[in-house]
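[1] got a predicted structure plus its sequence, pasted below:
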Amino acid sequence: MTQVKDLELRVLVPADAPDLAALEAAVFDNVWDEQRFFTLLGQGSFIAVGAFQGNALCGYITAYSMGGEAEIVNLAVRQDLRRQAVGGTMLNCFLDRCRMIGVGRVVLDVRRGNRPALALYARCGFMQVGLRKKYYADSGEDALILERFL
Ligand SMILES: CC(C)(COP(=O)(O)OP(=O)(O)OC[C@H]1O[C@@H](n2cnc3c(N)ncnc32)[C@H](O)[C@@H]1OP(=O)(O)O)[C@@H](O)C(=O)NCCC(=O)NCCS
């Protein structure tokens, strides 16, 4: 597998809000705007890890943490850099960060048909623990609930 050169991972801060909002808008339909990210990135309960190539944000994971648990909100890698280990590297870095701040369990919802994401989560040790029927309003698709203990 080719790996992206000079990938740097770090926790995102409010100054990253414009790049984060731009990347999210490039990948997803229903997105948060820059102002919302600016506010969230300043809050202790919001965890965001970004992958950078030089100064360019090429992937991110966002999550809420509360009471020793974290819930992943979104995870994305720039289209042209997929299948080059950015997602896996980022997810492992995020899990390390969670451990560091005392999170013991990570959960998330994922579309049943999202094969790349399901394969990535399985590879990083997530297990299916539940199902929400017709959870996504846009497509009526089911959500799988995955969890990973740390
Ligand atoms: C899901 C996503 C983040 C994966 O990022 P990525 O950088 O391509 O992932 P990686 O290259 O680190 O892949 C790690 C492993 O995940 C699995 N995987 C990733 N993409 C895959 C695909 N298209 N098909 C099958 N397996 C895939 C593989 O096991 C892969 O390891 P391998 O390449 O050695 O086989 C990316 O496809 C993406 O941004 N998708 C759109 C946004 C999205 O759906 N997010 C999930 C919301 S829950």
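    Thanks, I have the structure now. Computed from a prediction, not measured in an experiment: that's the story for all the values here.

[2] what strand or helix carries the residue in the chain that the ligand sits nearest to?
    Closest to the ligand within the chain is residue 87: 2.5 Å, counting by C-beta to the nearest ligand atom. Backbone N, C-alpha and C define where each C-beta goes, glycine included. Taking DSSP states H and E as the criterion, residue 87 maps to helix 86-100.

[3] then residue 145?
    strand 143-149.

[4] can that strand be found next to the ligand?
    No: using C-beta under 6 Å from any ligand atom, strand 143-149 stays clear of the ligand, with a minimum separation of 8.9 Å.

[5] show the pLDDT at residue 5.
    On pLDDT, residue 5 comes in at 78.

[6] what's the distance between it and residue 23?
    In this structure, residue 5 and residue 23 are 19 Å apart, going by C-beta to C-beta, to the nearest Å.

[7] okay, these two: which has more neighbours?
    A count of neighbours by other C-beta atoms under 10 Å puts residue 23 above the other of residue 5 and residue 23, at 22 against 7.

[8] okay, now the sheet partners of the strand ranked longest in the chain, with direction.
    Across the chain, the longest stretch assigned as strand under DSSP state E is strand 56-66. Its sheet considered, strand 56-66 pairs with strand 46-53 (antiparallel), strand 69-77 (antiparallel) by DSSP bridges.

[9] among those, which is nearest residue 96?
    Residue 96 lies closest to strand 46-53 among the strands paired with strand 56-66, at 9.2 Å (C-beta to C-beta).

[10] got the angle between that closest one and helix 86-100?
    Orientation check (axes from the mean of the first three to the mean of the last three C-alpha atoms, to 10 degrees): strand 46-53 against helix 86-100 gives 140 degrees.

[11] what bits of the protein have low per-residue confidence?
    The model of the chain has pLDDT under 70 over residues 1-2.

[12] and with 80 instead?
    1-5 (pLDDT under 80).

[13] residues from it in reach of the ligand?
    1, 27, 74-77, 82-88, 110, 114-117, 119-120, 123.
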